[in-house]
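*Asks:* Quick one, fold the following:
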Amino acid sequence: MAETDFSIRSFKGGYDDNLTYLVTCMRTGNQFLVDAAVPLKQINPFVSKKGLIALFITHTHGDHTAYLDEYVDAFPNLVTMIYRKSEDKVKSTLKRPVKHRDIVTVGQLSLEVFHTPGHYPDSVCYLLDDILFTGDTLFVGRTGRTISQGSDTCQLYHSVYDTILDLPKHTIIYPGHDYGPKMTISIDENISISPLLQADDEDDFVQRMADYEATRTFGS
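*Replies:* So this is what the prediction gives:
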């Protein structure tokens, strides 16, 4: 797929340097959002005449769904993509529950769904060509945290190591927060800068997470 087939515009704001992405299919003008973490007024100037047709939720932590009602009210035909066991957590009347390895099409763009529990049970990532929207599963320089209810460090290990790191190393991650030295990064470069992505096995990862968690004071 050529780069001109789609464009991605990033919006930062919300609770804690959250990132919401507006993706446009350049061939059809159809658009979708990844997460609802910033107010509609930030997005509106960039919405095409065809309007938004889909919203992809990476997980149901409140900072990633904070403005969902605004989007649904403004765009009544907006379809919310959400992990299949969490559809009751959002009020959107048009919902498409998704599961691992589903393919979802917007305009002429196809996204593959990966269920990536660990940070939260309903965490999912969305793969668009060589772009992976990772939510809070993986950030630039580190993984998501596993200290909240429903988190599981061993699950996160398998989500990251068996799913995300198994993708082509040139894949670019677009995370749910701007926590790193830059907003996006390739998988290969991310491995090179993050000790959490250099574990020998699951036990090593669990220990690295415990050691690194001791130095964290905030963030997802």
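
*Asks:* Next secondary structure after the helix or strand where T20 lies?
*Replies:* Here T20, judged by DSSP states H and E, is contained in strand 18-25. The helix or strand immediately downstream of strand 18-25 is strand 31-34, counting by DSSP H and E.

*Asks:* Show residues contacting that next one.
*Replies:* The list of residues contacting strand 31-34 from outside it, by Cβ atoms under 8 Å, 6 or more residues apart in numbering, reads 20-25, 43, 47-48, 50-56, 58, 71, 106, 126, 133, 174. For the C-beta atoms, the positions are set from N, CA and C on the backbone; glycine is no exception.

*Asks:* mind listing which of those are in helices?
*Replies:* Counting by DSSP state H, the members of the contacts of strand 31-34 that fall within helices are 43, 71.

*Asks:* Look up how far K50 lies from G176.
*Replies:* For G176, the distance to K50 (Cβ to Cβ, to the nearest Å) stands at 26 Å.

*Asks:* Report the residue spans of this protein with pLDDT below the cut-off.
*Replies:* Low-confidence segments of the chain, defined by pLDDT under 70, are located at 1-4, 217-220.

*Asks:* how about a cut-off of 80?
*Replies:* Counting by pLDDT under 80, the chain contains low-confidence residues at 1-4, 87, 89-93, 216-220.

*Asks:* By residue count, which helix of it is the longest?
*Replies:* Of all the segments of type helix in the chain, defined by DSSP H, the longest one is helix 202-213.

*Asks:* Check which residues of it are buried.
*Replies:* Applying a neighbour-count criterion of 16 or more other Cβ atoms under 10 Å, one finds 205-206, 208-209 buried in helix 202-213.

*Asks:* wait, which of those residues is closest to P39?
*Replies:* Within the buried residues of helix 202-213, the smallest distance to P39 is 33.2 Å, found for M209 (Cβ to Cβ).

*Asks:* Need the nearest residue in space to the closest one, chain neighbours excluded.
*Replies:* Nearest non-adjacent residue to M209, counting by Cβ to Cβ, 6 or more residues apart in numbering: T153, 5.2 Å away.

*Asks:* Neighbours of that neighbour, how many?
*Replies:* By the criterion of other Cβ atoms under 10 Å, T153 has 20 neighbours.

*Asks:* Chain neighbours aside, what residue packs nearest to A54?
*Replies:* Leaving out its chain neighbours, A54 is closest to F32 (Cβ to Cβ, 6+ apart), at 3.9 Å.

*Asks:* how near is that neighbour to F56?
*Replies:* Distance, F32 to F56, using Cβ to Cβ: 6 Å.

*Asks:* For the longest helix of the chain, enumerate the helices and strands it packs against.
*Replies:* Using 3 or more Cβ pairs under 8 Å, 6 or more residues apart in numbering; DSSP states H and E as the contact criterion, the secondary-structure elements in contact with helix 202-213 are helix 153-158.

*Asks:* what sits against D17?
*Replies:* 177-179.

*Asks:* same thing with V98?
*Replies:* With contacts defined as Cβ under 8 Å, 6+ apart, V98 is in contact with 81-84, 104, 113, 124.

*Asks:* Any idea how far apart the tips of stretch 69-89 sit?
*Replies:* 12 Å (Cα to Cα, to the nearest Å).
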